[in-house]
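[1] Have a look at this fold, sequence not included:
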DNA sequence: AATGAATGAGGCTTCATTCAT
DNA sequence: GATGAATGAAGCCTCATTCAT
């Protein structure tokens, strides 16, 4: 096992295992394709090329992997929020980068999110978690809008939280487009950003076009 | 539903039966609460207060009721599109009414739609149907936007189909708000319409505020 | 189903079912032969000549049938306690009849009791129930001994509860003998009764020999 | 255990290993608490603080340890039979000591015996072994009773083997009492011995009270 | 000697669906 | 039309055991 070569052996061993990673990847794909209920542990282990019992070496149950995947998704969204790479002084650029990253994460996880929202219907814990993520993202965007208004940059026609809600809705709806034709991503993103700025009541200057 | 075409049986057809209606209602509630897989036929029949076997008098399978419910949803959306009640000559009012109706139907079926989208992941037929509904709505809105542009009423910052996409995303995201606090519906709708017009690049005149 | 002919149809239908009875009988035999863990639901249903799923129509789980059987055993013991058939005025005859019935029930359920005691090790509820039965029987015998002493009939060398304990131990140990050679039952019972009376400090008169 | 015969390996044999001892002790406790089936090899190794695989260094299987424990129990019973410490010329004292030792061993192994008897239901070898132990003890006691009768010391009301059976039953039933309240052991034992002698038809002289 | 990792085999339980009445 | 009864099929999970190191 190469694991012994590159990973310092600690108590976390189980968590670094290649097998575990393979199972997680397989689970993600399978859940995304088949949904939760139709995914069987056998589907996952076959794809990961291990035996069914091995699954239970790493996860307590089918539910357990699903939670792990959900946590990973959460992390991805919270990280995307950081809007890396945009000039922090250029508020418009920051706004654009933030939307862009969000849409990218969303597009990459489209199907899984559909499944997650379905599961959240019956799983209180999942529901709380996913709603938490949504609220965090929304609050941040709301704060941002408020800031832009205070700075006299934006002039929206509705309260900041409504604007944020609308903006996130827009973004969500653009994700499938990008997932469907990745080649058009730059163009689609450009339109999305323009519409976003328009909704904020910002005059789109040339800087807005520089995103990712 | 071809059933209406060939199953004429008696005067009072199976399709009218009270029992059938009860089963459909029960199925809708149960699917919405528990999702597809976790809903059992027993759940549905218990709620409808009939025996498990009776279910199969009216439906071929669990899948069958789900399809029936999906058809009903489709009808609801297509009907909402008709924008009843708005002055056909006031394009802005028509736009507002259309969005409003859409959001209302969406809000009333939130959970079921979540379930439907989950099922569409694995059911090709369902996927095609639901996508068809979305496309129809989108196309109509796109046409509408194009018309407004041609009429010099709207000045969007992106192509009509992009605007329509963004608008529908907005609307979808507002539905949960309305479902959560129906009392605030008027206020929320007002903001939604404003943002919608803003995105279309329409100067919101006083008429826009008159919606529903 | 003849059931409709001889049993008044009530809500208890499920409980009268022939299938249920067959499953219970099959479960008793199988548990007694194989013990709890090695008994599979398949073993039971095969013996009852129904499908595996049918088992779950009548019982919630393997554990559930086991509890039902345990209740039946409890009832058998409590009923045996009543010492039917002995002249109530002849205390010695009552004593003999009581022991005799107890041993008979025990002998008929030897293996099942072994299994039950094993299960009681890990199942608090079972333990409480079985201990309750034992205590009830013991208390009754203790009361009886006390009475005999008060009446000057018995002159035991130890306190009544100790005598009762010892007597029940004797009886338990005789059960296997009777189960092993039913033909010798009368003779064995005679000795058992004699030893029992001897332990009570009763002069065995001719009446004692009249048991069962 | 043939192991002692052919597995001589090194000076300090596997059979002495501390690890092995720890596993045996852990197994005894675990089997006694959980029963055979519910005890997992993992339970045993966790308690012994070694890895699961280590178990198989010392035992061929879960069944194997169980057999080892059973052998140990057998040895304990057979040794208890020797009635160490009683004046060999005082037959009554010997009788008392023998019963006492038996009860002590039984009390110390109550739960394990319950498990063993459960296992004996399905394991022919175990059944034969355990029955062998019982028979040996019974035969010895029978011989002893016969001797007492021949010596004119005892005057039982039933044949020696019946008396022995009854006596062992009494003893078995007293074991739980002693296990439950060890502080009362002397008192309980005294009553047991009295009842035992009473059953043998021996006038309890003062010597009988000197036991253990 | 000790163990981390992996798995074959097996058992419990659920549930959509059928069918005779 | 309604239903009680029965079941085939399928999936989750556990665990004793093996093996390479």
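    Nice, I can see it. Predicted model, so just to flag it, every value in this text is computed and none were measured.
[2] Show me how chain A divides into domains.
    A:14-59, A:62-206 (automatic domain parsing).
[3] Save the ones you listed as JSON lines, and put in distance to residue B:158 and mean pLDDT too.
    C-betas here are computed from N, CA, C, even on glycine. Supplementary listing: these in JSON lines, determined by distance: least, Cβ to Cβ, whole Å; pLDDT from 0 to 100:
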{"stretch": "domain A:14-59", "distance to residue B:158": "29", "mean pLDDT": "94"}
{"stretch": "domain A:62-206", "distance to residue B:158": "4", "mean pLDDT": "91"}
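[4] wait, which of those domains is closest to chain D?
    The stretch from these with the least distance to chain D (Cβ to the nearest Cβ) is domain A:14-59; that distance is 11.7 Å.
[5] is the closest one up against chain D anywhere?
    No. Domain A:14-59 lies apart from chain D when judged by Cβ under 8 Å from any Cβ of the partner chain; the minimum separation is 11.7 Å.
[6] tell me which element residue A:67 falls in.
    When secondary structure is defined by DSSP states H and E, residue A:67 falls within helix A:62-80.
[7] Can you name the next helix or strand after that helix?
    Defined by DSSP H and E, the subsequent element after helix A:62-80 is helix A:91-108.
[8] Does the helix or strand where residue A:146 lies reach chain B?
    Residue A:146 is part of helix A:124-150 when elements are defined by DSSP H and E. No. Contact check for helix A:124-150 against chain B, using Cβ under 8 Å from any Cβ: none in range, with a minimum separation of 9.6 Å.
[9] so how far is residue D:79 from residue A:23?
    Using Cβ to Cβ, to the nearest Å, one gets 54 Å for the distance from residue A:23 to residue D:79.
[10] contact partners of the helix holding residue A:67?
    For helix A:62-80, the surrounding residues in contact (Cβ atoms under 8 Å, 6 or more residues apart in numbering or on different chains) are A:23-24, A:27-28, A:31, A:36, A:39, A:41, A:44, A:55, A:59, A:98, A:101-102, A:104-105, A:108-109, A:112-113, A:116, A:119, A:125-126, A:129-130, A:133, A:136-137.
[11] how about residue A:59, what does it touch?
    With Cβ under 8 Å, 6+ apart, residue A:59 has these contacts: A:23, A:65, A:68.
[12] try residue A:183
    Counting by Cβ under 8 Å, 6+ apart, residue A:183 has no contacts.
[13] hmm, back to that, more neighbours: residue A:23 and residue D:79, which one.
    Under the criterion of other Cβ atoms under 10 Å in any protein chain shown, the comparison of residue A:23 against residue D:79 puts residue A:23 first, with 25 against 11.
[14] What helices and strands are in contact with the strand or helix carrying the more buried one?
    In this assignment (DSSP H and E), residue A:23 forms part of helix A:18-38. Other helices and strands packing on helix A:18-38, by 3 or more Cβ pairs under 8 Å, 6 or more residues apart in numbering or on different chains; DSSP states H and E, are helix A:41-48, helix A:52-58, helix A:62-80, helix A:110-120, helix B:18-38.
[15] just the angle between the longest one and helix B:62-80, please?
    The reference is to helix B:18-38. Taking axes from the mean of the first three to the mean of the last three Cα atoms, to 10 degrees, one finds helix B:18-38 and helix B:62-80 inclined to each other by 100 degrees.
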